[in-house]
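> here's a sequence, model it:
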Amino acid sequence: MIAAYLAITTLATFDALPPTVAILAFAAAAAATVALCLRESSIVARMFTTAPLRVLGRVSYSFYLVHWMIVVLVARAVDHAPPAVAAATIFIVGFALSAVAATALWYVAERPYFAYARR
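Numbering: from 1, shown residues only. Below you'll find the predicted structure:
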């Protein structure tokens, strides 16, 4: 399931799938991943309970807000690189920069907001 999800997002990143197909395939892969997570004994469910993915879950909304802009900027920066190098750079550097930006946004905006809302 994880391989299918990564394949779909990779193909969509390089516009190898028509937009409607990419959206429907992404939705199907996401729904299947959620279904696997509902069974606590599945390896996918256990994977999502690891510390790094729990941290990513905490900043997931901020990650959602910033990741596409960062991925597009990284993709434009490596536009003339060979496809394999471009793909690896987009995913590794794009993910790392998105995680850093999301964590900063969580500390600067989300965390203070939730602390204020609790009071």
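> if you count neighbours, what's buried in the helix or strand hosting Ala3?
Using DSSP states H and E, Ala3 falls within helix 2-13. Residues Tyr5, Ile8, Thr9, Ala12, Thr13 are the ones in helix 2-13 that count as buried (16 or more other Cβ atoms under 10 Å). C-beta here means a position set from N, CA and C on the backbone, and glycine is covered the same way.
> next, count neighbours for the residue lying closest to the second one once chain neighbours are set aside.
Read that as Ile8. Take Ile8 and drop its neighbours on the chain: the residue closest to it by Cβ to Cβ, 6 or more residues apart in numbering is Ala25, 4.6 Å away. Using other Cβ atoms under 10 Å, the number of residues around Ala25 comes to 18.
> same check, this time on Ala115
9.
> relative to Ala102, how far out is it?
Using Cβ to Cβ, to the nearest Å, one gets 18 Å for the distance from Ala115 to Ala102.
> please apply the same query to Ile8.
Distance from Ile8 to Ala102, by Cβ to Cβ: 22 Å.
> now swap in Val66 and tell me
Distance from Val66 to Ala102, by Cβ to Cβ: 6 Å.
> what's the answer for Met1, then?
24 Å.
> the chain - how does it break down into domains?
Per automatic domain parsing, the structural domains of the chain span 1-49, 50-119.
> which of these has the lowest average pLDDT?
When the domains of the chain are ranked by mean pLDDT, domain 1-49 comes last with a mean of 87.
> centre of the chain to that domain, how far?
When C-alpha coordinates are averaged (Cα atoms, centre = their mean, to the nearest Å), domain 1-49 and its chain have centres 11 Å apart.
> ok, now stretch 76-84?
On the basis of Cα atoms, centre = their mean, stretch 76-84 sits 20 Å off its chain's mean C-alpha point.
> now do the longest helix that the chain contains and helix 2-13, the angle between them.
Longest helix in the chain by number of residues (criterion: DSSP state H): helix 83-105. Relative orientation of helix 83-105 versus helix 2-13 (axes from the mean of the first three to the mean of the last three Cα atoms, to 10 degrees): 100 degrees.
> only the buried residues of helix 83-105, if you could.
Neighbour-count burial for helix 83-105 [16+ other Cβ under 10 Å]: 86-87, 90-91, 93-95, 97-99, 101-103, 105.
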